[in-house]
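>>> I need the structure of the sequence given here:
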Amino acid sequence: MRALHRLSVGAALLVAGASLARAADAPAVDVPPNAGDVLGTIVVVAGASRPLPRVAVVPSLASDIEDVTLHAVTRRDLDLCGEFELLPASEAPEEALLATAVDVRPWANKRVEALIQVSARRGEGQDRVEITGRVYLVARGPTPVFARRFLVPAGDLRAESHRLVDLLIGALTGKNGGFGSHLAFVAGTGKLRQVYTMDADGHGAAAVSPAEAIALAPAFGKNEELFWSSSVDHGEYQLRAASGRTIPLPVRGSVYGLAFSRDRSQVVVSIGVEGTIKLFAGPDFEHLTPASGVGMALRPTFTPSGKLAFAGEGRYGQRIYVDGKPITPEGLFASAPTFCNHPDGVRVVFAVGNGKDTDLVASGERGGDLVRLTQGQGRNGYPACSPDGRLLAFFSTRTSGEGPGLYLMRLDGGRSKRISTLVGDSLRWESLPPGRAIEVDAKVP
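Reported below is the predicted structural model:
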């Protein structure tokens with residue numbers, strides 16, 4: 001067999017973008033006659049719901065762009081996080097629009113349990129913005145139970161607004177939110193496939209890889225630098241960095257997958273060698289050694305405890321492997337695993353081929369009972385977990401509801417919301433690098 005680093009562009013995109021695809025040079029696998037029936041045995045939980053506490057954001061009449069931005073980010077994040085029922089701004093009590101101080105009584109009539117107040121102001125001639133966030137529990141009166149104030153660089157206002165909302169979510173739930181983060185993925189078809197980055201709420205989508213190179217497999221590395229693989233003029237898929245440099249590897253072959261451990265102490269690379277795709281791992285790119293003997297090893301990732309996971313070939317198609325052992329049944333055609341460090345326990349979510357469609361399925365970190373998160377909504381794939389472990393991002397081709405695009409939903413399959421019309425693959429979701437905010441005081445009067 002010839003080496004995979006000479007795959008055609010079309011074959012390489014199949015490797016990167018289709019959950020059931022395998023390269024033309026890969027060994028054939030047997031397909032059991034009942035493989036298509038396996039998914040039908042999985043319990044469907046999509047649309048699961050639970051009572052949510054009703055919260056509201058105190059409206060602001062300020063017209064300053066800083067205050068408008070902070071309020072918009074706050075409402076968006078609270079709505080997307082899936083932990084609350086957010087009172088529409090149009091239903092705010094009239095008394096709240098005129099009050100000079102927070103009065104929780106009118107909000108009680110709206111069945112609001114918690115009240116969030118945020119404000120942003122920029123001093124004249126200053127390049128910093130003061131942002132403040134407070135949380136009131138309606139049942140406990142007009143004294144805030146949480147209050148924080150920060151000075152942030154004006155250019156970082158949106159990112160620091162997300163971080164402030166993460167703290168507000170933490171004050172209400174016991175665990176900070178995950179919106180101080182960013183997404184990376186590949187979008188485009190044919191010869192135009194670029195790496196994109198985007199805020200966790202869908203804002204600011206931007207292509208970051210050259211248009212003349214076909215891109216695959218983005219991943220955030222040390223200091224949150226973005227890496228990916230790309231090919232120019234049908235050449236080998238080489239590892240690149242956002243800084244523009246090409247990363248030499250000790251193993252010859254095209255790169256089809258890439259991942260870093262959460263503490264960035266380990267890196268794993270999927271490389272086309274000896275007629276298949278295998279994993280090589282190490283503390284850095286210069287010291288890679290074989291990490292698994294399983295062929296067609298794609299979409300590598302690390303579990304929260306640092307174990308290596310990936311989708312690789314089994315006897316009857318693709319399976320999910322953790323620490324070298326398969327955790328999904330034969331015949332399930334599983335791909336693109338991601339691990340969510342949810343407050344209720346670690347869950348693995350992956351895509352499963354279902355005829356012409358693809359659904360998302362969840363299981364325990366080491367396998368076990370399967371639950372189905374999507375059904376009958378087109379192709380749903382490339383899941384990625386939020387840094388707080390409570391949300392799942394994924395691409396969908398669904399034509400119902402909000403239509404195709406990039407979605408967020410709770411890990412129980414509920415409250416699916418579209419944040420972008422872009423549809424792509426190879427999705428990653430990671431925290432932003434440390435910010436430059438300065439806390440003014442721990443208690444705000």
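
>>> mind listing the helices for the protein?
9-17, 65-80, 94-98, 105-108, 157-173 (DSSP state H).

>>> Let's have those helices in a markdown table, adding distance to Glu330, mean neighbour count and mean pLDDT.
C-beta: built from backbone N, CA, C; applies to glycine. Below are the helices of the chain laid out as a markdown table (distance: least, C-beta to C-beta, whole Å; neighbours: other C-beta atoms under 10 Å; pLDDT from 0 to 100):
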| stretch | distance to Glu330 | mean neighbour count | mean pLDDT |
| --- | --- | --- | --- |
| helix 9-17 | 21 | 18 | 46 |
| helix 65-80 | 37 | 20 | 97 |
| helix 94-98 | 59 | 11 | 79 |
| helix 105-108 | 55 | 16 | 92 |
| helix 157-173 | 39 | 22 | 97 |
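
>>> Would you mind measuring from the residue nearest to Lys175 when sequence neighbours are not counted to Gly174?
In this structure, Lys175 finds its nearest non-sequential neighbour in Pro343, 5.6 Å apart by C-beta to C-beta, 6 or more residues apart in numbering. Pro343 sits 8 Å away from Gly174, going by C-beta to C-beta, to the nearest Å.

>>> of those two, who's got more company?
When neighbours are counted by other C-beta atoms under 10 Å, Pro343 and Gly174 differ, and Pro343 comes out ahead with 11 against 8.

>>> who's in contact with the nearest residue to Val112 once chain neighbours are set aside?
Distances taken as C-beta to C-beta, 6+ apart place Ala56 nearest to Val112, at 4.6 Å, with adjacent residues excluded. Listed by C-beta atoms under 8 Å, 6 or more residues apart in numbering, the contact set of Ala56 reads Leu86, Leu87, Ala92, Trp107, Lys110, Val112, Ala114, Leu115, Ile116.

>>> who's the closest residue to Arg75 other than its chain neighbours bridged to?
Using C-beta to C-beta, 6+ apart and skipping the chain neighbours, the partner closest in space to Arg75 is Val57 (5.5 Å). Val57 forms beta bridges with Ile116, as assigned by DSSP bridges.

>>> Hmm, Leu78 and Val57 touching each other?
Yes: between Val57 and Leu78 there is a contact under C-beta atoms under 8 Å: 7.0 Å.

>>> Now the common contact residues for those two.
Common neighbours of Val57 and Leu78 (criterion: C-beta under 8 Å, 6+ apart): Leu86, Ile116.

>>> Quick one: end-to-end distance for stretch 227-237.
With C-alpha to C-alpha, to the nearest Å applied, stretch 227-237 spans 13 Å between its terminal residues.

>>> Can you tell me how far Leu392 is from Val349?
6 Å.

>>> Give the residues shared as contacts by those two.
Common neighbours of Leu392 and Val349, using C-beta under 8 Å, 6+ apart, are Thr338, Cys340, Leu360, Leu373, Pro383, Cys385, Leu411.

>>> The second one reaches Arg347, doesn't it?
Yes: counting by C-beta under 8 Å, Cys340 touches Arg347, with 4.8 Å between them.

>>> between the two, which one's more packed in?
Cys340 (23 against 20).

>>> Not counting its neighbours along the chain, what's nearest the more buried one?
Per C-beta to C-beta, 6+ apart, closest to Cys340 is Cys385, 3.9 Å.

>>> Domain parsing of this protein, as residue ranges.
Partitioning the chain according to automatic domain parsing yields domains covering residues 4-30+181-431, 54-80+82-177.

>>> closest to Asp441 out of the ones you listed?
Closest approach to Asp441 among the domains of the chain (C-beta to C-beta): domain 54-80+82-177, 6.1 Å.

>>> show me what contacts Gly405?
Here Gly405 is in contact with Phe395, Ser396, Arg418, Ile419, Ser420, Thr421, Leu422, Val423 (C-beta under 8 Å, 6+ apart).

>>> just Lys356 next, same as before
Contacts of Lys356 (C-beta under 8 Å, 6+ apart): Arg379.

>>> And the residue nearest to Arg75, how close does it get to Arg76?
Taken as C-beta to C-beta, the span from Val57 to Arg76 is 10 Å.

>>> got it, and Ala219?
From Ala219 across to Arg76, the span is 26 Å (C-beta to C-beta).

>>> Mind pulling the model confidence for Val294?
For Val294, the model assigns a pLDDT of 96.

>>> Hmm, Gly312 and it touching each other?
Yes: Val294 lies in contact with Gly312 (C-beta under 8 Å); the separation is 3.8 Å.

>>> so what's in contact with those two at the same time?
Common neighbours of Val294 and Gly312, counting by C-beta under 8 Å, 6+ apart, are Tyr321.

>>> of these two, who's got more company?
Neighbour count, other C-beta under 10 Å: between Val294 and Gly312, Gly312 has more, with 27 against 19.

>>> need the contact list for that one.
For Gly312, the contacting residues are Ser292, Val294, Gly295, Met296, Ala297, Leu298, Gln318, Arg319, Tyr321, by C-beta under 8 Å, 6+ apart.

>>> ok, what's across the strand from it?
For Gly312, the beta-bridge partners are Arg319 (DSSP bridges).

>>> Look up how far Thr276 lies from it.
10 Å.

>>> what is the residue nearest to Cys340 paired to in the beta sheet?
Residues in beta-bridge contact with Cys385 (DSSP bridges): Leu392.

>>> Need the per-residue pLDDT for it.
Value for Cys385, per-residue pLDDT: 97.

>>> How much space separates it from Glu236?
Taking C-beta to C-beta as the criterion, Cys385 is separated from Glu236 by 31 Å.

>>> What of Val145?
Using C-beta to C-beta, Val145 is found at 57 Å from Glu236.

>>> Neighbour count: the two, which is higher?
For Val145 versus Glu236, neighbours defined as other C-beta under 10 Å are more numerous around Glu236 (18 against 13).
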